[in-house]
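> next comes the sequence, and after it the predicted model I'd like to discuss.
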Amino acid sequence: MSKAKDTSGLTVTDHPGSRRLAIWAVWLAVICIAAAGLSRYRIENSLRGWMPELAGHDAIATFVVIGGEKQLLDPDLLAKKLESLAEVAACVSPNSTGRFALAAHAPPRGGILFDDPTYTGLFCFARAGVGDRDFLGAVQGLLRSELGDDADRLALGGPAVFTGALNDWSQRRLPLIASAIILAGALLLWWVIGSARVVASATAAIVGSQIALVGVISWLGVPMDMVLSMVWPLMMALGFSFAAHRAQRRGIGGTLALCALTTAAGIIGFAFSPFPPIRSFAVWGALGVVMTWASVMLLVRPPQNARCRVTTGHRRSRLRRAKHLAATCAIGRPRTVITAAAMLTAAAVLCLPLLQLHSDPIAYFPNASRVTRDHVQLDKRLIGMLPFEVAVHGNTDATELLTVTPGVRLVVDVSLLDPSQGALYLGFADADALGSLIQAQTHWQDWAAREGVELTWSGIAAQLHGVSVGVVRVALTAFPAMVLIAAVAVWFVAGRSLRLALIAAWVNLFPVAVLIVIVGLLGIPLSLPSLMIGAIAVGAAVDDTLHLAAEMRRGRGIRRVLLVCWRPCVGSSLITAACMAMFMLSPFGPTAEFGVLMALAVTAALAGDMLLLPAAVALMERSTDVTA
């Protein structure tokens, strides 16, 4: 409380409590305004949004494949009824006589298309300008009205079904995950801090900042896709980490601000991606970091005994033993620690060729899900479920070229849709034939050169390949850039120490090396969001490194620095890892995988900061003493 005199000579008392109350009031008002935008929350996932230039012809970009037992399904009759819908452009059935015609079909694994004695099906194409949601809803509504409960016995597949499944499964259990993150973060923060007031204010600040973030996103009409949906749970986990540092140590506002900036830099690096969903994740993720940090700094006040909170009983003895054990291992035997870390880093380099991506995005869904079961059934009994398009500009028939390609099950001539485009083919390959189609591109282009025509490849298969290659390139660009940013940040905090900056670069590469070894040796195929973990993990890992570097700049020995920073760094990292582990509750593969890998990365980063960094600094100090 401070006192001052106004112009009338009266004494005015300035109450800190009044200022805090005003801050809370303004903050709540901002949240209420932003929360009004939640009514405009919408979900939209589409491969067309990732690479629109490879989306193919609008008239055949969105379709549904319907399959069923012959005793249940009359495809020709059903095709006529579906074509009466306003959302449907045309259908292809065994006796199709419309604008679409079966040009040729290659021998599939289970017989010729539509010649299976017990199974049959048809294709249904959406009218141009009709969205996947409206189109799929209209088709499912007609099937329900015509077949009743027997409609559930039909298998549905195709881009429209896949998009609908992404919209559904990517959002499942998100409220449960958020609740688990809040509960785990609050309990662990209380275990570390021991102040219910701090835990309550931190939880309110973190939850409120994410309500405001999602509200602003919704206000602006930005759709939530499978990547952007992971932003606000990720920000909650980071928020509890900020709160753990904020509540335990005074005078670290500058260091904590730099931590937030480096974490935001690890995310914003993807803003240069050519893919709109990843750019959206980068922009809103970086803004989320800033909003979360600002909320924690404004609303969370360290308790008066922030530096000397006393724990009792077994907890105190366990923490003290762990702290001194880490100091003894890192500083007492630095060469052993460094040798082990160097061997693990070398192993990561050797495991790089073992990394693999999901070539079939249907693996994102649980094996028991309806979309997976229908996809497998259609791919096995009716038609290949990997569509692609080929346009040939010239007077040459490419049917034979396409049908002899390994994995191709059917080629449909759809040239009548747009004669100005030349010959246009819609092909269907086995679900696992993406590699064969990629390898066939050289042969296709050689054929086009000999025939003197131009051949272009597009559609779902081309988009999957283009997105995979593009995301890998973006990750390979963002990752080294983030390592450089982390090294520069440590160099700045540590008093322009180049040697410490180089050590920090290796320390922050360490968690990524651990992930590469684990994923490579276990043969875990990575989903697209998981490819962004490298840069994000470095941005999060450098936080504890900055806190250690800031203490070393004050002239303290490495052992003293380790003992002072042990509780805040270990506490914040364990909180973050536990919160990220809550992503495992999601039934959607990419979300669960992202959370598990991030939790492992944070744990490995903690080991790097508490063991590898002190060991390297201790060895550096010894060499300096010997030289002197």
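That came through fine.
> low-confidence ranges, the stretch 1-150 of the chain, go.
By pLDDT under 70, the low-scoring segments of the stretch 1-150 of the chain are 1-17, 96-116.
> 50 - rerun?
Along the stretch 1-150 of the chain, the parts satisfying pLDDT under 50 run over 1-14, 99, 101-113, 115.
> mind jotting down where the strands sit in it?
In the stretch 1-150 of the chain, the segments counted as strands under DSSP state E, counting those that start in this stretch are 2-5, 11-14, 63-69, 88-92, 101-105, 119-126.
> show me the domain layout of the chain.
Domain ranges of the chain: 53-168, 170-302+320-354+464-627, 384-460, per automatic domain parsing.
> let me see the mean pLDDT of the longest one.
What it means is domain 170-302+320-354+464-627. Throughout domain 170-302+320-354+464-627, pLDDT has a mean value of 88.
> restricting to C-alpha, output stretch 138-157 in PDB.
Output of stretch 138-157 as PDB, limited to C-alpha atoms (Å, rounded to 0.1, in the frame of the first residue of the first chain):
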ATOM      1  CA  ALA A 138     -28.700 -35.900 -48.400                       C
ATOM      2  CA  VAL A 139     -27.300 -39.300 -49.500                       C
ATOM      3  CA  GLN A 140     -27.600 -40.800 -46.000                       C
ATOM      4  CA  GLY A 141     -31.100 -39.400 -45.600                       C
ATOM      5  CA  LEU A 142     -32.300 -41.000 -48.900                       C
ATOM      6  CA  LEU A 143     -30.700 -44.400 -47.900                       C
ATOM      7  CA  ARG A 144     -32.400 -44.200 -44.600                       C
ATOM      8  CA  SER A 145     -35.800 -43.400 -46.100                       C
ATOM      9  CA  GLU A 146     -35.500 -46.200 -48.800                       C
ATOM     10  CA  LEU A 147     -34.000 -49.000 -46.700                       C
ATOM     11  CA  GLY A 148     -34.800 -48.100 -43.100                       C
ATOM     12  CA  ASP A 149     -32.600 -49.900 -40.600                       C
ATOM     13  CA  ASP A 150     -31.100 -51.900 -43.500                       C
ATOM     14  CA  ALA A 151     -29.200 -48.800 -44.500                       C
ATOM     15  CA  ASP A 152     -26.800 -49.500 -41.600                       C
ATOM     16  CA  ARG A 153     -25.800 -52.700 -43.400                       C
ATOM     17  CA  LEU A 154     -24.400 -50.700 -46.400                       C
ATOM     18  CA  ALA A 155     -20.800 -49.700 -46.600                       C
ATOM     19  CA  LEU A 156     -20.100 -46.000 -47.400                       C
ATOM     20  CA  GLY A 157     -16.700 -44.600 -48.400                       C
END
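> check contacts around the most centrally placed residue in the chain.
Residue closest to the average C-alpha location in the chain (CA atoms, centre = their mean): Pro529, at 3.2 Å. Going by CB atoms under 8 Å, 6 or more residues apart in numbering, Pro529 touches Met226, Val227, Met230, Pro590, Thr591, Glu593, Phe594. (C-beta placed from N, C-alpha, C; glycine too.)
> cutoff 10 Å now
226-227, 229-230, 277-278, 281, 471, 589-591, 593-594, 597 (CB atoms under 10 Å, 6 or more residues apart in numbering).
> out of the residues you listed, who's nearest Leu38?
Using CB to CB, Ser229 comes nearest to Leu38 of the contacts of Pro529, at 14.0 Å.
> my read: that closest one touches Arg173, true?
No - the pair Ser229 and Arg173 does not pass the contact test of CB atoms under 10 Å, sitting 11.2 Å apart.
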